[in-house]
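Engineer: fold the following and give me the result.
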Amino acid sequence: TLFAVSDKGHVIEFEPDGTLVQQKLVRKKADFEGITSHPVTGLLYVAVEGDEIILEVDPDGLQVVRDIPIDRTFDGSVLIDPKGDGVEGITFVPAGSGAMGGTFYLVNQSKELEGKDPSIVFEVEITGSASEPKATIVRYFSLGVTDLSGLHYEPSTRQLLVISDDNDLLIETSLS
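Structural biologist: Prediction:
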């Protein structure tokens with residue numbers, strides 16, 4: 001099946017032919033911007049713009065398992081401005097075939113290339129305890145375009161596919 005999100009807090013599961021499997025309002029008034037899954041556990045991860053959190057969601061019943069706040073800082077500086085455009089897409093990259101571990105890549109929607117709220121691809125790892133997790137930025141990079149609005153990891157090529165909405169571009173880039 002396929003999963004999608006709405007910018008009103010819904011998660012939807014459907015068959016490839018469009019048949020609805022389940023739909024649920026997971027969080028009222030939440031701006032869901034992207035969804036990805038863990039290939040081993042099957043858990044879903046939703047990027048929430050504005051709150052700048054990642055929701056971990058059980059696909060059976062679409063129940064939130066935990067909220068994972070995204071630390072907006074990197075090397076002591078604010079990288080994602082709380083008053084900026086915010087997180088717009090998410091994808092999971094496993095550490096290896098069949099691995100439980102891995103990191104998330106996210107994109108920031110900004111219309112700026114530099115400054116307090118740049119349009120970037122950033123990698124986060126989940127740190128902290130299971131009950132108090134945090135998504136910590138471990139690195140970031142610019143693709144030289146603004147308004148990044150979605151991304152997908154393609155395991156067969158180990159490449160990221162990134163969408164720039166304002167620029168009408170689909171960019172393929174390596175993880176490095």
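
Engineer: can you name the next helix or strand after the helix or strand hosting residue 139?
Structural biologist: Taking DSSP states H and E as the definition, one finds residue 139 inside strand 133-141. For strand 133-141, the succeeding helix or strand toward the C-terminus, using DSSP H and E, is strand 148-154.

Engineer: strand partners of the helix or strand of the chain with the lowest mean pLDDT, parallel vs antiparallel please.
Structural biologist: Of all the helices and strands that make up the chain, the one with the lowest confidence by mean pLDDT, DSSP states H and E is strand 77-78; it has a mean of 85. Paired strands of strand 77-78, with direction, are strand 73-74 (antiparallel) (DSSP bridges).

Engineer: the partner strand - what's its average pLDDT?
Structural biologist: The pLDDT scores in strand 73-74 average 89.

Engineer: that older thread, got the buried residues for the strand holding residue 139?
Structural biologist: Neighbour counts using 16 or more other Cβ atoms under 10 Å place 133-137, 140 of strand 133-141 among the buried residues. The C-beta positions use only the backbone N, C-alpha and C, and glycine is treated the same way.

Engineer: with just CA atoms, put that strand into PDB.
Structural biologist: This file holds the C-alpha atoms of strand 133-141, laid out as PDB (Å, rounded to 0.1, in the frame of the first residue of the first chain):
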ATOM      1  CA  PRO A 133      14.000  11.400  21.700                       C
ATOM      2  CA  LYS A 134      15.400  14.300  19.700                       C
ATOM      3  CA  ALA A 135      16.300  14.600  16.000                       C
ATOM      4  CA  THR A 136      19.800  16.100  16.000                       C
ATOM      5  CA  ILE A 137      21.200  17.700  12.800                       C
ATOM      6  CA  VAL A 138      24.500  15.900  11.900                       C
ATOM      7  CA  ARG A 139      25.100  17.700   8.600                       C
ATOM      8  CA  TYR A 140      23.500  19.800   5.900                       C
ATOM      9  CA  PHE A 141      24.100  20.900   2.400                       C
END
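
Engineer: what is it packed up against?
Structural biologist: For strand 133-141, the elements it packs on are strand 63-69, strand 73-74, strand 121-128, judged by 3 or more Cβ pairs under 8 Å, 6 or more residues apart in numbering; DSSP states H and E.

Engineer: if we go to 10 Å?
Structural biologist: Packed against strand 133-141, as judged by 3 or more Cβ pairs under 10 Å, 6 or more residues apart in numbering; DSSP states H and E, are the following elements: strand 53-58, strand 63-69, strand 73-74, strand 102-108, strand 121-128.
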